[in-house]
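**Student:** dropping the sequence and predicted coords here.
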Amino acid sequence: MTHDSNVDRRLLDELVSIASRACAAILAVGADLAQREKPDRSPVTAADEAAEAAVLEGLSRLLPGVPVISEEAVSRAMPAAPGARFFLVDPLDGTRELVAGETEYAVNIAFIEGGRPVAGVIAAPAMGTIWAGVVGQGAERLILAPGAEVAAARERTAIRTRARPRRGAIALMSRFHRDPKTDLFLDRIAHVERVVCGASIKFCRIAEGAADIYVRTHSISEWDAAAGHALVEAAGGTMTMHDGEAVPYGRTGFRLPPFIVLGDGSQPL
C-alpha cells in the first residue's frame, strides 16, 4: 500500500540524525536513571526525558509549527487534536528493557499525514543501529554511532520483508507484556516459532526479513507503533486491525486498537 507524501530522502535523513542525537542523550544519562512511576504506573526515567528534549528540539527546527505528540508530554497534559500532519514520538520505547539491562529499547519517530504513518525511524542506542523508511519509497538499516549525523553511517543497507516460510515462520512476542490472548491467537497458526523481542525492535525484525508476525491483542498508544508501522509498510509488509481494516491514527486519546503486523501480507493468518 502506497501513499502520496511530502516526505523525501532529505527529510528522512534529518529524522535519522535527530534520532541519533536522542540515542546519545539516553546513553549520556548512564546508570543514574532516577526511575519513577507515571500516573498510569508505567516507568519513566531521566533517559526518557533527555531523549524527549533532544527529539523535540530537533523537530522544532526541522519543521517549525508541525505538532509533535510525544509520550512524556502527553503524560503531563493531553494535547488538542493535531490536524492532518503531525509527529508521533516515543522518546524511549522499552523503558522496562533499559531498566532491566536489556538492549532492545529504542527511540521512535513517526510522521503522520492524513491519519496514516508515512515515515518512520526507530533507533536502538545500545545496538548502534537505526531503521528508517518512507512508505512507497523503501526502507533501510544504518549502522550509526549514537550522536553521529547520518552522513557518518558505517553501513546503509536497503531492507525488505520476506515471504513467509511454509514452516518455521517466526512470531515475535513481547518480553514484558505477553498475555494469554496472544498465545491463544498464535495457537491457531501452524508451524510458527515464538521468539521474545523487546519494544519496537519487533517491527525492525519484520522489516528486515528476520521475522514474520507480530500480533497485538490489546490496545496500546499510537506512539508505540506508528514508526514501526511506517517502517514495515516501507519494507513491503502490512499492519492492519484484526478485521483487516486500516489502523487509524490521531484519534482522541491516541490509542490504537489491537493489530496484526505481517512481513508477507499476501498470506493471511
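**Tutor:** All right, it came through fine. Note that the coordinates shown come from a computational prediction; the quantities given were computed from them, not determined experimentally.

**Student:** just the strands from the stretch 101-250 of the chain, written as ranges.
**Tutor:** For the stretch 101-250 of the chain, strands defined by DSSP state E, counting those that start in this stretch occupy the ranges 106-113, 116-124, 129-134, 138-143, 155-159, 169-173, 192-196, 213-216, 220-221, 238-241.

**Student:** ok, the closest residue to Glu14 other than its chain neighbours to His191 distance?
**Tutor:** Distances taken as CB to CB, 6 or more residues apart in numbering put Leu62 closest to Glu14, at 5.2 Å, once the chain neighbours are dropped. All C-beta atoms are positioned from the backbone trio N, CA, C, and that covers glycine. In this view, Leu62 and His191 are 45 Å apart by CB to CB, to the nearest Å.

**Student:** least trustworthy helix or strand in the chain by mean pLDDT?
**Tutor:** Here the helix or strand of the chain ranked lowest by mean pLDDT, DSSP states H and E is helix 71-76, holding a mean of 82.

**Student:** quick check on Gln137: phi, psi?
**Tutor:** Per-residue torsions, Gln137: phi -120, psi -10 (degrees, to the nearest 10).

**Student:** isn't it right up against Ala234?
**Tutor:** Yes. Judged on CB atoms under 8 Å, Gln137 makes contact with Ala234 at a distance of 6.7 Å.

**Student:** so these two - more neighbours on which side?
**Tutor:** Between Gln137 and Ala234, Ala234 has the larger neighbour count (other CB atoms under 10 Å), namely 28 against 15.

**Student:** re the thing from before, give the buried residues for the least confident helix or strand of the chain.
**Tutor:** 71-72, 74 (16 or more other CB atoms under 10 Å).

**Student:** could these go into CSV alongside distance to Arg167?
**Tutor:** Formatted as CSV, those follow (distance: CB to CB, whole Å):
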residue, distance to Arg167
Glu71, 38
Glu72, 43
Val74, 42
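
**Student:** nearest to Gly30, of the residues you listed?
**Tutor:** Glu72 (19.2 Å; CB to CB).

**Student:** okay, that closest one and Ala46: tell me how far apart.
**Tutor:** Glu72 is 11 Å from Ala46, by CB to CB.
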